[in-house]
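Peer 1: give me a model of this one.
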Amino acid sequence: MTLVGAIILVAGLCSAGSQMVGGVLSDRFGRRRLLLGATGISVLLYGVLSILIGASAPIWAIAVTYIAGRSALTTIQPTVSAIVSDLTPKNRLTEAYGLMRVGGNVGWAVGPAVGGYMATFVSYAWLFGVAALTSILAFSLILLFFKESFHGNADRVDFRSVLHVATNRTFLMFTALSMLVFMGMAHIGSTLSVFTVDRIGFSTAQFGLLLTVNGLIVVLFQYPVARVIDWVGKSRSLILGSLLYGLGYLSLGGISSFSWALGAIAIITAGEIVFAPTTLSVVGELSPYDWRGRYMGFFGLSQTLGISLGPLVGGVLLDAFPGDPWFIWGTIASISFLAALGFYWWGVVSRASST
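Peer 2: The predicted structure follows:
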């Protein structure tokens, strides 16, 4: 598991960098070209991965191919977010990103289920072969039906242009505060699993049900909630989402039954469906038309770093305070509460700078 964890960590860091690069390239060469290029590369790498696994190739070769494939796919993330912003009026951005999250959650739910079913009658290598075929289908759909939403510009592509977005202080402050909340998001799949199964005694099936409830709430309520966020206001929604995250994690300190855990997950997920689409909508509003890819890529970097740091913080707390759940989850919750205070100040500063 140490080797697997190291591979995943390196893949995560490479993915963080590739998001920034993908954002710049989509601004320079256009959204459609990058989608086609990244999807085409993923077809090739999934095919190579399938062959390597089938041939029992050295682990380093499989790891390098996996990391390259994941990095290629993550270049698409800021591009897709930029496309939504390109095509959507500003007063409906949150609604559009909410709808996109529903589709993403359906995909994350269906993908593992289909993969698990196929693993019962095909080899592990063939699973990556099917992934390659799926990528070919995606490539074909983009080629045939997607019309360019932004044709690119003549800006020079270099490292300074990637980091230039950090000169926007309003955006930089927003990104730093969002990273604190993303640190909280990561605990659902890491700290919570160890805590509920190893410390509380839940079965793995019960923990899986917690994740299922999380996904179902997102699919059922994300779009309706996203439609009213603009009415509530971006700043208030960011504060509310952060507070809900904090309250949900804090309540885990007193967990005494599975129903209690379900209630905590419902509160945490409520924070997710308020916070997540609002952040992308804010990035879309703050980013200039011809720099949207860069802004989305820089924001994606903060998201990846936050999600990578969260499990580390949770692991340290679990090891250092094994018998004090209130301190563990109180510390995790305090990060979200701190972000809520920060977003309140960010809203005040933003309103002052716009007048």
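
Peer 1: now the closest residue in space to residue 57 that isn't next to it in sequence: which helix or strand?
Peer 2: Leaving aside its sequence neighbours, residue 57 sits nearest to residue 51 (C-beta to C-beta, 6 or more residues apart in numbering; 8.0 Å). Yep, even glycine has a C-beta here, placed from its N, CA and C like the rest. In the assignment (DSSP states H and E), residue 51 maps to helix 31-54.

Peer 1: ok, now residue 56?
Peer 2: Using DSSP H and E, no helix or strand contains residue 56.

Peer 1: how close does it sit to residue 70?
Peer 2: Distance of residue 56 to residue 70, computed by C-beta to C-beta, to the nearest Å: 21 Å.

Peer 1: what about the protein, any weak spots by pLDDT?
Peer 2: For the chain, residues meeting the criterion pLDDT under 70 lie at 1-12, 108-109, 112-113, 116, 156-162, 354-355.

Peer 1: how is it divided into domains?
Peer 2: Per the record, the chain has its domains at 2-92+122-145, 163-354, by automatic domain parsing.

Peer 1: for residue 155, find the nearest of those domains.
Peer 2: Smallest distance to residue 155 across those (C-beta to C-beta): 6.0 Å, for domain 2-92+122-145.

Peer 1: helix, strand, or coil at the residue nearest to residue 178 when sequence neighbours are not counted?
Peer 2: Once flanking residues are discounted, residue 178 sits nearest to residue 279: 5.4 Å by C-beta to C-beta, 6+ apart. Of the three states, residue 279 takes helix according to DSSP: H, G, I helix; E, B strand; the rest coil.

Peer 1: is it correct that residue 279 is in contact with residue 179?
Peer 2: No - between residue 279 and residue 179 there is no contact under C-beta atoms under 8 Å: 10.4 Å.

Peer 1: who's more crowded, these two?
Peer 2: More crowded of residue 279 and residue 179, by other C-beta atoms under 10 Å: residue 279, with 24 against 21.

Peer 1: tell me the contacts of the more buried one?
Peer 2: 174, 178, 238, 299 (C-beta atoms under 8 Å, 6 or more residues apart in numbering).

Peer 1: quick check: it vs residue 220, distance?
Peer 2: In terms of C-beta to C-beta, residue 279 sits 21 Å off from residue 220.

Peer 1: number of residues surrounding residue 140?
Peer 2: 11.

Peer 1: what about it, which helix or strand?
Peer 2: helix 124-145.

Peer 1: can you redo the domains of the chain as JSON lines with distance to residue 114?
Peer 2: Formatted as JSON lines, the domains of the chain follow (distance: least, C-beta to C-beta, whole Å):
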{"stretch": "domain 2-92+122-145", "distance to residue 114": "9"}
{"stretch": "domain 163-354", "distance to residue 114": "15"}
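
Peer 1: tell me which residues in the helix holding residue 140 are buried?
Peer 2: Neighbour counts over helix 124-145 (16 or more other C-beta atoms under 10 Å) mark 127-129, 131-132, 135-136, 138-139, 142 as buried.

Peer 1: strands along the stretch 151-300 of the chain, start to end?
Peer 2: Counting by DSSP state E, counting those that start in this stretch, no segments of the stretch 151-300 of the chain form strands.

Peer 1: now do the helices in it.
Peer 2: 159-163, 169-185, 191-194, 204-232, 234-251, 258-286, 292-320 (DSSP state H, counting those that start in this stretch).

Peer 1: for residue 149, find the nearest of the ones you listed.
Peer 2: Of the helices of the stretch 151-300 of the chain, nearest to residue 149 by C-beta to C-beta is helix 292-320, at 9.7 Å.
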